[in-house]
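Engineer: have a look at this prediction, sequence included:
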Amino acid sequence: GIIIFERTGGTTDPNSPHIVELEGAQLRQGVHMDVKLNLLNALADGSRYSVSIQGWDRAGNESDVNAVTNVLFDVLPPVITIYKPQNGDVFNEPIISIEMNEKLAEGTLTFKQIGGTADPNSPYEVPLLPPFNDQGRFDDLSLVNDITLNDGSTYSITFNARDPAGNVSDHVTVSDIYYDITPPQIVISDPIENSYLNILNVTYFIDENIINGQLKIDQTLGTPDPGSPHLIELTDDLLSIGQHTVAVHDIIPLVSQAEYSIQITGQDRAGNISQSNEITQVIYDIEPPVLQITAPLTSTIVNHTIIGFAFNETLQELSISWVDDTGNEITKLLPEKYYLPDKYEQVVLADKPILLSGAIYSLILQGTDLAGNTAVTQIDNVEYDYTPPDFTTVSPASNSFINQTLVQFGFNEPLASGQLIWQAMG
């Protein structure tokens, strides 16, 4: 009798068919179990065969051919691979990519907590079910419905497999896989809402390293900014844990008198995305206020310290100074009721300056707006005179007798106006 192994598929077998002659006890009548045919090194691993048997009795009668088909010859263990995650990776969802070189009868993925926050439910075993036990590569398989990992824990993932022939694979393990579902915390501390600035520095804090981040500056009101929204990519040290400052005004062309909102978006290694608090009503202003002294006027003489002035925007500080021709200066801060933009006339200071009569002064008005821009305006040659003129050499004298109306008089300073009055006394 003979047994014939003939390849029908799978791996190529150039020596097919393989014919084995039965001999000795193999020819006896009855059932024969576990017959060794010494074909282990002859058949091709991975080939599929039809196996047939045929015999002849001593009289020369030929039996029917009995055959079984689609018999897979497999003596090698399956080769399995984990492509994702890799050692030291971080993820926020149990997603894996695996490959096997043949269909598995059984495959298991085991997640075991090895560090980080304790996970009382570890280890987790996930069986590979059809079609994911077939030969080939499977990318980004989500196991989110199969296991619930613990936030902040570190795991190893082990892949074990057995093929239909009973061959067991070498296990494959990746380690130090950190599971993180907590997004990074990003907090902007400066500037604050409703602030006026002539330089824009954004200061923020992040509580973990992130892999990318973006600072968004968006014009919301005020002077239109055609480049808005501005997006600044955070790089290098600006992505590391801790506090950082970005000099925005040195990076993008901001528009003066525009109002902006500010926000930062960041993503950590696990893929968790977070947005910072949004800072609104940030007014960027690099233009100084326009100031004007309306009273007194240049080259005038006054006997009071009443002043008039006007300006075009809200101020945080306003002062007026009197400087004489020797450089002596008297400065008075104006109260907050004069900080709103307007024209102010006949302003009488509660704390009046003590000026020298007959001295000539320059008046300097200085104002600082809410963004810190300072402007100065000045008028000159203002004479302060509170001493009345002194008349001398008056003729006729008191109690004298005259027969004509000629008079003589003198005074010690130029007059703006004067009168000579004759009044009857009796």
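Structural biologist: Thanks, I have it.

Engineer: could I get the helix or strand containing residue 204 in PDB with only the CA atoms?
Structural biologist: Here residue 204 sits within strand 201-206, counting by DSSP states H and E. Output of strand 201-206 as PDB, limited to C-alpha atoms (Å, rounded to 0.1, in the frame of the first residue of the first chain):
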ATOM      1  CA  ASN A 201       3.800  90.000  26.700                       C
ATOM      2  CA  VAL A 202       1.700  86.900  27.300                       C
ATOM      3  CA  THR A 203       2.700  84.900  30.400                       C
ATOM      4  CA  TYR A 204       1.300  81.400  30.900                       C
ATOM      5  CA  PHE A 205       1.900  78.200  32.900                       C
ATOM      6  CA  ILE A 206       1.500  74.600  31.800                       C
END
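
Engineer: what about the strands in the stretch 151-300 of the chain?
Structural biologist: With DSSP state E, counting those that start in this stretch as the criterion, the stretch 151-300 of the chain has strands at 153-162, 172-179, 186-190, 195-197, 201-206, 212-222, 230-234, 242-247, 258-267, 273-275, 279-284, 291-295.

Engineer: which residues touch the last one?
Structural biologist: It refers to strand 291-295. Residues from elsewhere that reach strand 291-295, judged by Cβ atoms under 8 Å, 6 or more residues apart in numbering: 306-311, 343, 345-346, 363, 365-367, 375-379. Backbone N, C-alpha and C define where each C-beta goes, glycine included.

Engineer: what's the least confident helix or strand in the chain by mean pLDDT packed up against?
Structural biologist: None of the helices or strands of the chain scores lower by mean pLDDT, DSSP states H and E than strand 391-395, at a mean of 73. Using 3 or more Cβ pairs under 8 Å, 6 or more residues apart in numbering; DSSP states H and E as the contact test, the elements touching strand 391-395 are strand 408-411.

Engineer: let's see the strand it packs on as CSV, backbone CA atoms only.
Structural biologist: Coordinates of each C-alpha in strand 408-411 appear next as CSV, following Å, rounded to 0.1, in the frame of the first residue of the first chain:
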residue,chain,number,x,y,z
GLN,A,408,1.7,164.8,36.5
PHE,A,409,2.1,161.2,37.6
GLY,A,410,4.4,158.1,37.3
PHE,A,411,4.1,154.3,37.8
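
Engineer: identify the residues contacting residue 273.
Structural biologist: So residue 273 contacts 183, 265, 266, 267 (Cβ under 8 Å, 6+ apart).

Engineer: how about CSV for those residues, with distance to residue 396 and neighbour count added?
Structural biologist: Formatted as CSV, the contacts of residue 273 follow (distance: Cβ to Cβ, whole Å; neighbours: other Cβ atoms under 10 Å):
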residue, distance to residue 396, neighbour count
183, 103, 19
265, 96, 17
266, 98, 26
267, 103, 17
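
Engineer: so residue 115 makes contact with residue 154?
Structural biologist: Yes: if you go by Cβ atoms under 8 Å, residue 115 and residue 154 touch, sitting 3.6 Å apart.

Engineer: between these two, who's got more neighbours?
Structural biologist: Comparing residue 115 with residue 154 by other Cβ atoms under 10 Å, the one with more neighbours is residue 154, at 20 against 14.

Engineer: so that one touches residue 111, yeah?
Structural biologist: No: if you go by Cβ under 8 Å, residue 154 and residue 111 don't touch, sitting 10.8 Å apart.

Engineer: how long is stretch 155-175 from one end to the other?
Structural biologist: 6 Å (Cα to Cα, to the nearest Å).
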